[in-house]
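Visitor: This is a predicted model, with the sequence first.
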Amino acid sequence: MATEQHSEGLTFHPMDQFIVKPLFGGTEVHWYTPTNATLWMGLVALCIIGLLVFGTRGRAIIPNRIQSIAELLYGMVRKMVEDVTGKDGLKYFPYVMTLFCFILFANFLALLPKSFSSTSHIAVTATLALLVFVGVTVLGFVKNGSHFLGLFWVSSAPLALRPVLAVIELISYFVRPVSHSIRLAGNVMAGHAVIKVFAAFAAVAAIAPVSIVAITAMYGLEVLVALIQAYVFTILTCVYLKDALHPAH
């Protein structure tokens, strides 16, 4: 995160902002060490509780702004789950809503100055993606038994091609958590790194105005990316849930 002016030029490290550091000094990070990552994920949880629990306690017929935002998020995610998975998938709406809110708030809080972007770390996004993958796979076998394997057997294809397509479907199924997690982490990390690069050049007087305009434009884009990436992760979760509930091609 340092930006230093040396005689040979400008030195900056745009990736330093993603380093996980202990909150109370030291350099070693263990599984029990409170870090900047745990701090900001804790703040994400508090924001979600504040919006969905305390923000809707009144349940007024004419909602205030906080209640309106909570109802808008609730209605949007519920409609997404119902449209993609059908009414059978509504019983899993609380989990999908939790995923969406966590990613959305983590992305938005990461845009604050001096914040930490937890969703830029593959350890976080891979955990979320693996929970979806394992949960959907277990649900598929519990709900459908061996018929869940019909997800990999393309019965509408010519018989000679079905074994080949089955292998392709099987590989693509196990790649899901990889693409699911890397897409989110990669997009968030790339945006923050670009903003940091532009911010470093703002220290150079000759190009400072251009740099400030670029930072403003990138920041606006990152606000949009924060929402889109939460939406994409959630709707893919709904698609995978639909495959578990209705596996036949």
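Guide: Happy to help now that I have it.
Visitor: now the helices for the protein?
Guide: Taking DSSP state H, the helices of the chain run over residues 36-49, 65-85, 93-109, 122-144, 162-201, 208-245.
Visitor: so which of these gets nearest residue 13?
Guide: helix 162-201 (8.4 Å; CB to CB). For the C-beta atoms, the positions are set from N, CA and C on the backbone; glycine is no exception.
Visitor: still on that earlier bit, can you tell which of the helices of the chain is closest to residue 153?
Guide: Minimum separation from residue 153 across the helices of the chain (CB to CB) falls at helix 162-201, 5.7 Å.
Visitor: Skipping adjacent residues, who's closest to the residue nearest in space to the middle of the chain in space?
Guide: For the chain, the residue sitting closest to the mean C-alpha position, by CA atoms, centre = their mean, is residue 103 at 4.3 Å. Nearest residue to residue 103, sequence neighbours excluded (CB to CB, 6 or more residues apart in numbering): residue 230, at 4.2 Å.
Visitor: what's around the one you found, how many residues?
Guide: By the measure other CB atoms under 10 Å, the count of residues near residue 230 is 23.
Visitor: which residues touch it?
Guide: Residue 230 makes contact with 100, 103, 104, 107, according to CB atoms under 8 Å, 6 or more residues apart in numbering.
Visitor: How about residue 129?
Guide: Here residue 129 is in contact with 176, 177, 178, 180, 181 (CB under 8 Å, 6+ apart).
Visitor: switch the cut-off to 10 Å
Guide: 122, 176-185, 233, 236-237, 240 (CB atoms under 10 Å, 6 or more residues apart in numbering).
Visitor: got it, and residue 183?
Guide: Residue 183 neighbours (CB under 10 Å, 6+ apart): 125, 129, 229, 232, 233, 236.
Visitor: from these, which is closest to residue 48?
Guide: The closest of the contacts of residue 183, once distances to residue 48 are taken by CB to CB, is residue 233, at 15.6 Å.
Visitor: does that closest one really touch residue 101, like I thought?
Guide: No - counting by CB atoms under 10 Å, residue 233 does not reach residue 101; the two are 11.5 Å apart.
Visitor: Residue 195 and residue 21, how far apart?
Guide: To residue 21, residue 195 is 20 Å away according to CB to CB, to the nearest Å.
Visitor: one step back: between which two of the contacts of residue 129 is the distance greatest?
Guide: Greatest spacing in the contacts of residue 129, by CB to CB: 122 and 240 (19.0 Å).
Visitor: Give the residue from those two that has the larger number of neighbours.
Guide: Per other CB under 10 Å, whichever of residue 122 and residue 240 has more neighbours is residue 240, with 23 against 16.
Visitor: which residues touch the residue lying closest to that one once chain neighbours are set aside?
Guide: Of all residues not flanking residue 240 in the chain, residue 136 sits nearest, at 4.7 Å (CB to CB, 6+ apart). Residue 136 sits next to 92, 173, 176, 177, 237, 239, 240, 241, 242, 243, 244, 245 when contact means CB under 10 Å, 6+ apart.
Visitor: Please indicate which of those residues are buried?
Guide: Neighbour counting by 16 or more other CB atoms under 10 Å classes 92, 173, 176, 177, 237, 240, 241, 242, 243, 244, 245 among the contacts of residue 136 as buried.
Visitor: Redo the residues you listed as JSON lines? Include pLDDT and distance to residue 154.
Guide: Below are these laid out as JSON lines (pLDDT from 0 to 100; distance: CB to CB, whole Å):
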{"residue": "92", "pLDDT": "95", "distance to residue 154": "26"}
{"residue": "173", "pLDDT": "94", "distance to residue 154": "13"}
{"residue": "176", "pLDDT": "94", "distance to residue 154": "17"}
{"residue": "177", "pLDDT": "95", "distance to residue 154": "22"}
{"residue": "237", "pLDDT": "96", "distance to residue 154": "23"}
{"residue": "240", "pLDDT": "95", "distance to residue 154": "18"}
{"residue": "241", "pLDDT": "95", "distance to residue 154": "20"}
{"residue": "242", "pLDDT": "94", "distance to residue 154": "17"}
{"residue": "243", "pLDDT": "92", "distance to residue 154": "13"}
{"residue": "244", "pLDDT": "92", "distance to residue 154": "18"}
{"residue": "245", "pLDDT": "91", "distance to residue 154": "19"}
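Visitor: Understood, closing this out.
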